[in-house]
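*Asks:* sequence and predicted structure, then a few things I'm wondering about:
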Amino acid sequence: MIQRHHNNFDFLRFVFALFVLISHSFALLGIADQEWLVNYTNGQLSFSDIGLAGFFVISGYFIYKSLVRSSGIWDYLKKRFLRLFPALFVVLFLTILIIPILYNGSVPLGENLSYWTYLPNNLSLYGFQGTVDGVFANLPYHSINGSLWTIRYEFSLYLLVMLFLLIRKKPVKIIIIASLLFLIWMVFFQFGLDRFGGSKLLGMQGLPLFNLGGFFIAGVLLAVLDFKNWNKQWILWLGVILLAASLYFNFYSVVKHVLFPIVILGLGFTAIKGVSSFGKYGDPSYGIYIYAFPIQQILIFYFKFELVEFIIFSIILSIIMGYLSWHFVEKRALRYK
């Protein structure tokens, strides 16, 4: 098992959570078209694109490793449940408590059906509900917590990976199936979006499923191929150069699911003094991710900010909530694994 303080993944997840926050800052202020990275890369890449792709690559890699260590399907599902749902329930419950302060609807809150469905719908994952009628209705973006939509995609990919439990003692078959799965996923992403990109399954759309799923499955494949043991500095630097070239020549979308995972995992396993010990104080990334959006909406609701100061205040408050979530909810829940 990889020791958490001997790699950079805690730090990378932390950065990825902040990247999502930064992208949301532009969107929530109603200036999404002004995001620096989007304009700099000719619309190929945003901060949230990097953040979500990074999350899914790292998740794919370590979820597969967790699967291999699991004693069976229920052990695996228990670990996944404890990692996702306790913190999710708490943020949803706190949101329900705060909504009455923010509510400005045309009917009494107790008669507002969307208020009562907000927690169960979002806790079910597949009934994602972003808004409550009468809350943030006058803001540029009406959603209370628009970050939660990705969790159903990740959880669905957790379920997909369970198929490897059937053949986990047959390494050759695992390599073949993981490779075929990645190849099929890429064919759908590159050639099937016109037909399937707008399709829906359990509330999930084809485009994000194929896109984020591609990064996740790439992480799984690199875990199957034991990337940590054949990762070399020259592979990392080659990946960085090719990735930069793809952005410069505008073909990032064609190669991103191959190059980006190699770069991210290469960075994760490269020992960097100081960075590798980042996780000794805990892992606030999930907490930052699920709390940042409502924090930002509340800040916009009560105050008027310029972009930079809005990002700074959002980062500070979200980091605080991220660490509180880790130490008082997530860490305690994980003791029951």
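*Replies:* Perfect, I can see it now.

*Asks:* so which residues of the chain form strands?
*Replies:* 200-201, 204-205 (DSSP state E).

*Asks:* look at L18 and say how many residues are nearby.
*Replies:* L18 has 22 neighbouring residues, counting by other CB atoms under 10 Å. C-beta here means a position set from N, CA and C on the backbone, and glycine is covered the same way.

*Asks:* and what of V91?
*Replies:* When counting by other CB under 10 Å, one arrives at 23 neighbours for V91.

*Asks:* could you do Y64 as well?
*Replies:* The burial count for Y64: 23, using other CB under 10 Å.

*Asks:* what's the distance between the residue lying closest to it once chain neighbours are set aside and L259?
*Replies:* Spatial nearest neighbour of Y64, chain neighbours left out: A223 (4.1 Å); criterion: CB to CB, 6 or more residues apart in numbering. Distance, A223 to L259, by CB to CB, to the nearest Å: 17 Å.

*Asks:* show the pLDDT at L299.
*Replies:* Looking at L299, its pLDDT stands at 98.

*Asks:* and S199, by the same measure?
*Replies:* According to the model, S199 scores 84 on pLDDT.

*Asks:* how about the contacts made by the residue nearest to it when sequence neighbours are not counted?
*Replies:* Nearest residue to S199 in three dimensions, chain neighbours excluded: G206, at 4.4 Å (CB to CB, 6+ apart). By CB atoms under 8 Å, 6 or more residues apart in numbering, the residues touching G206 are 192-193, 196-200.

*Asks:* which of those count as buried?
*Replies:* Among these, those classed as buried by 16 or more other CB atoms under 10 Å are 192, 196-197.

*Asks:* please produce a markdown table containing those, extended by distance to N7.
*Replies:* Output for the buried ones among the contacts of G206, formatted as a markdown table (distance: CB to CB, whole Å):
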| residue | distance to N7 |
| --- | --- |
| G192 | 35 |
| F196 | 36 |
| G197 | 35 |
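
*Asks:* what is the nearest of these to I31?
*Replies:* Nearest to I31 out of the buried ones among the contacts of G206 is G197 (CB to CB; 26.5 Å).

*Asks:* you'd agree that closest one is up against Q205?
*Replies:* Yes. Proximity of G197 to Q205 meets the contact threshold set by CB atoms under 8 Å, at 7.4 Å.

*Asks:* the helix or strand bottoming out on mean pLDDT in the chain - contacts with which helices or strands?
*Replies:* Here the helix or strand of the chain ranked lowest by mean pLDDT, DSSP states H and E is helix 193-196, holding a mean of 82. Other helices and strands packing on helix 193-196, by 3 or more CB pairs under 8 Å, 6 or more residues apart in numbering; DSSP states H and E, are helix 206-224.

*Asks:* what residues sit buried inside the helix it packs on?
*Replies:* 206, 209-224.

*Asks:* pLDDT of it, averaged?
*Replies:* On average, helix 206-224 scores 96.

*Asks:* then it to PDB, C-alphas only?
*Replies:* The C-alpha trace of helix 206-224 is given here as PDB (Å, rounded to 0.1, in the frame of the first residue of the first chain):
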ATOM      1  CA  GLY A 206     -23.300  11.200 -22.100                       C
ATOM      2  CA  LEU A 207     -20.700  14.000 -22.600                       C
ATOM      3  CA  PRO A 208     -19.500  14.200 -18.900                       C
ATOM      4  CA  LEU A 209     -19.800  10.500 -18.500                       C
ATOM      5  CA  PHE A 210     -17.500   9.700 -21.400                       C
ATOM      6  CA  ASN A 211     -15.200  12.600 -20.600                       C
ATOM      7  CA  LEU A 212     -14.800  12.200 -16.800                       C
ATOM      8  CA  GLY A 213     -15.100   8.400 -17.200                       C
ATOM      9  CA  GLY A 214     -12.200   8.400 -19.600                       C
ATOM     10  CA  PHE A 215      -9.900  10.000 -17.000                       C
ATOM     11  CA  PHE A 216     -11.100   7.600 -14.300                       C
ATOM     12  CA  ILE A 217     -10.600   4.500 -16.500                       C
ATOM     13  CA  ALA A 218      -7.200   5.800 -17.600                       C
ATOM     14  CA  GLY A 219      -6.300   5.900 -13.900                       C
ATOM     15  CA  VAL A 220      -7.600   2.400 -13.500                       C
ATOM     16  CA  LEU A 221      -5.600   1.200 -16.500                       C
ATOM     17  CA  LEU A 222      -2.400   2.800 -15.100                       C
ATOM     18  CA  ALA A 223      -3.000   1.100 -11.800                       C
ATOM     19  CA  VAL A 224      -3.400  -2.200 -13.500                       C
END
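
*Asks:* ok now it, how far from the chain's centre?
*Replies:* From the chain centre to the centre of helix 206-224 is a distance of 12 Å (CA atoms, centre = their mean, to the nearest Å).

*Asks:* stretch 198-213 now?
*Replies:* The answer for stretch 198-213 is 15 Å, by CA atoms, centre = their mean.

*Asks:* can you give me the end-to-end span of that stretch?
*Replies:* 15 Å (CA to CA, to the nearest Å).

*Asks:* start at 6, not 1
*Replies:* I'll keep to 6 as the first residue from here, and by that count the last item is stretch 203-218.

*Asks:* so S281 sits right up against H11, yeah?
*Replies:* Yes. The criterion here is CB under 8 Å, and S281 meets it with H11 at 6.1 Å.
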